[in-house]
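Q: Here's a sequence, model it:
(one chain, ligands or ions: 1)
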Amino acid sequence: MPISRRTFLGAVATAPFAAGAIWRGAKAPRVAVVGAGAFGGWTALHLRRRGCPVTLIDAWGPGNTRSSSGGETRVIRAIYGADRIYVAMVKRAYELWEQLDSSLYTETGVLWLHRGDDAYVRSSLAHLKDFGFPVDQFALDDAAKRYPQIDFSGIKSAWLERRAGVLSARHACGVVRDAFLKLGGTYRTQLVQPDTKLDADVVVFACGPWLGKLFPEIPIRPTRQEVFYFGTPGGTESFVPPRFPVWIDFGERIVYGIPDIHSRGFKIADDTRGETFDPTSGDRTPSADGAARARRVLSERFPSMANAPLLAAEVCQYENSPDGNLIIDQHPQLKNTWIAGGGSGHGFKLSPAIGEMLADAITIGRDLPKPFALDRLKDAKSGTQFERKS
Ligand SMILES: Cc1cc2nc3c(=O)[nH]c(=O)nc-3n(C[C@H](O)[C@H](O)[C@H](O)COP(=O)(O)OP(=O)(O)OC[C@H]3O[C@@H](n4cnc5c(N)ncnc54)[C@H](O)[C@@H]3O)c2cc1C
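A: From the prediction side, this is the model:
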């Protein structure tokens, strides 16, 4: 991939280090992590746990409203089609989220609803079994009895992934940063630019949707995504876990929702990629069209919510890689520079495992998974093809 040599050559003050440098016995490298979202925060925390002096830098703060980690909640689930590597990462991520702060997770289960083919779920079953994630297939009559809030019209198959649920998002980024500070890490508010000098041996760029701006040759396409919160009926917990799960409705579009957690409302979002979006200055006014579409889904699928008031909305962006897979790699030319990104609408849950992989690669030279390597994208342009992973 033609990475410009000019890009960020000025970012690191000291001499570049060899690929996969092993620091055993030597002084731990001083690391600057640019970006305090989920990916950068966890990477900084793992590096600090390994004894590296680490400075975490963000232009607007951990989990800020412009960042991709900036919303209220994110789904964690292990069904990932035939992609075994992600199931393994979800397993590890569960352990790390739990160790950090178990209150960040609410178990709800995820109900997978299919109007057509359910091959995505079926192709995951063997991996789920291996990693200990229980899944039940429902007869539709039973599903309707268990979830009277849902109208199952048009649904051909329903699966419940039991060990799955919801993570706090922006709040978790602050918790990760605070854990990092407690271990003696340094945090700084700064906008890093190509001519910024960073006093570090190694720099990690975990800049989410901004990665493509900083490294124009890395094909990340931010897309505009809208999320709506509707008010549930008063005095009942029918849309609150454990009575109501996260749900994903696989129709022509893929729409999903999160129960009323933290009393914020019934969250509903459309996973279809929106238009290309500028994360710094893009207009975050929710669209009337998006709200109307969300309400149509509500009235068809959750009739008692048909006239629910709209309480709030968020406009966020996915940071899509061309194939929907993560990008976790060493820069091919700047050997003291590492990249973590490409969350593509599904990366948040994985962030503890991503940070751990990267910290191991930097400190002990452990290989990173090939599916996340930059060279797979050498012929890709951002936005050419999107394989959905979220
Ligand atoms: C609406 C929506 C729903 C989603 N749903 C899910 C879900 O259910 N489950 C799931 O697992 N994932 C989900 N995702 C994806 C997930 O949230 C993201 O992939 C993940 O949060 C990306 O984290 P990040 O750290 O890479 O990026 P970010 O959170 O964007 O962090 C990057 C940080 O870098 C900083 N930065 C950028 N440039 C600079 C600079 N030059 N100098 C200093 N700082 C800089 C920014 O301020 C920002 O804080 C969803 C995303 C969206 C938008």
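
Q: what's the nearest residue to residue 244 if we skip its chain neighbours?
A: Leaving aside its sequence neighbours, residue 244 sits nearest to residue 259 (CB to CB, 6 or more residues apart in numbering; 4.3 Å). Placement of C-beta: from N, CA and C, glycine included.

Q: got it, and residue 179?
A: residue 45 (5.8 Å).

Q: Could you measure from that neighbour over to the ligand?
A: 13 Å (CB to the nearest ligand atom, to the nearest Å).

Q: What of residue 94?
A: 12 Å.

Q: Can you report how many residues lie near that residue?
A: 20 (other CB atoms under 10 Å).

Q: Could you do the one 10 residues further on as well?
A: Other residues within reach of residue 104 by the criterion other CB under 10 Å amount to 17.

Q: ok, now residue 289?
A: Using other CB under 10 Å, the number of residues around residue 289 comes to 9.

Q: Write out the residues of this protein neighbouring the ligand.
A: Counting by CB under 6 Å from any ligand atom, the chain comes close to the ligand at 34-40, 57-60, 64, 67-69, 71, 74-75, 191-192, 206-210, 214, 225, 227, 269, 316-318, 341, 343, 345-349, 390.

Q: ok, 5 Å please
A: Neighbours of the ligand within the chain, by CB under 5 Å from any ligand atom: 35, 37-39, 58-60, 67-69, 74-75, 191-192, 207-208, 210, 225, 316, 343, 346-349.

Q: As a check, name the ranges of all helices in the chain.
A: Secondary structure of the chain (DSSP state H): helices at 38-49, 84-100, 119-122, 125-131, 140-146, 170-182, 211-214, 288-301, 351-364.

Q: Of those, flag the one that's most buried.
A: helix 38-49 (a mean of 29; mean count of other CB atoms under 10 Å).

Q: how far off helix 84-100 does that one point, in degrees?
A: 60 degrees (axes from the mean of the first three to the mean of the last three CA atoms, to 10 degrees).

Q: Extract the C-alpha trace of helix 38-49 and format it as PDB.
A: Only the C-alpha atoms of helix 38-49 are listed here, as PDB (Å, rounded to 0.1, in the frame of the first residue of the first chain):
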ATOM      1  CA  ALA A  38     -12.200   2.400  23.300                       C
ATOM      2  CA  PHE A  39      -9.300   1.200  21.200                       C
ATOM      3  CA  GLY A  40      -6.700   3.700  22.300                       C
ATOM      4  CA  GLY A  41      -7.800   3.800  26.000                       C
ATOM      5  CA  TRP A  42      -7.500   0.000  26.300                       C
ATOM      6  CA  THR A  43      -4.200  -0.100  24.400                       C
ATOM      7  CA  ALA A  44      -2.800   2.500  26.800                       C
ATOM      8  CA  LEU A  45      -4.100   0.600  29.800                       C
ATOM      9  CA  HIS A  46      -2.500  -2.700  28.700                       C
ATOM     10  CA  LEU A  47       0.800  -1.000  27.900                       C
ATOM     11  CA  ARG A  48       0.900   0.700  31.300                       C
ATOM     12  CA  ARG A  49       0.100  -2.700  32.900                       C
END
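
Q: mind starting the numbering at 54 from now?
A: New numbering, starting at 54: the last item is helix 91-102.

Q: Residues in contact with that helix: which ones?
A: By CB atoms under 8 Å, 6 or more residues apart in numbering, the surrounding residues in contact with helix 91-102 are 84, 86-87, 89, 107, 109, 111, 115-116, 122, 149, 222, 225-226, 229-230, 232-233, 236-238, 257, 259-261, 393-394, 396, 400-401, 404-405, 407-409, 411-413, 415-416.

Q: Show the contacting residues for residue 411.
A: Counted by CB under 8 Å, 6+ apart, residue 411 has contacts 96, 99, 257, 381, 391, 393, 421.

Q: What of residue 421?
A: Residue 421 neighbours (CB under 8 Å, 6+ apart): 381-383, 410-411, 414.

Q: Setting aside sequence neighbours, what's the nearest residue to residue 244?
A: Once flanking residues are discounted, residue 244 sits nearest to residue 112: 4.2 Å by CB to CB, 6+ apart.

Q: now that neighbour: how far from residue 119?
A: According to CB to CB, to the nearest Å, residue 112 and residue 119 sit 9 Å apart.

Q: thought the residue nearest to residue 297 was touching residue 290?
A: No. Counting by CB atoms under 8 Å, residue 312 does not reach residue 290; the two are 9.4 Å apart.

Q: Mind checking which of the two has more residues around it?
A: Remark: of residue 312 and residue 290, residue 312 carries more neighbours, 26 against 12, as counted by other CB under 10 Å.

Q: and the more buried one, what is it in contact with?
A: So residue 312 contacts 161, 219, 292-294, 297-299, 319 (CB under 8 Å, 6+ apart).

Q: Might you list the low-confidence residue ranges for this protein?
A: 54-78, 434-443 (pLDDT under 70).

Q: Kindly recompute the last result at 80.
A: Residue ranges of the chain with pLDDT under 80: 54-79, 432-443.

Q: What are the phi and psi values at the residue nearest to residue 297?
A: Backbone torsions for residue 312, taken as degrees, to the nearest 10, come to phi -60, psi 170.

Q: quick one: the nearest residue to residue 129 once chain neighbours are set aside from residue 308, how far?
A: Of all residues not flanking residue 129 in the chain, residue 402 sits nearest, at 3.9 Å (CB to CB, 6+ apart). Distance, residue 402 to residue 308, using CB to CB: 19 Å.

Q: Distance-wise, check the nearest residue in space to residue 283 that is not next to it in sequence relative to the ligand.
A: Closest residue in space to residue 283, ignoring its immediate chain neighbours: residue 361 at 4.1 Å, by CB to CB, 6+ apart. Using CB to the nearest ligand atom, residue 361 is found at 20 Å from the ligand.
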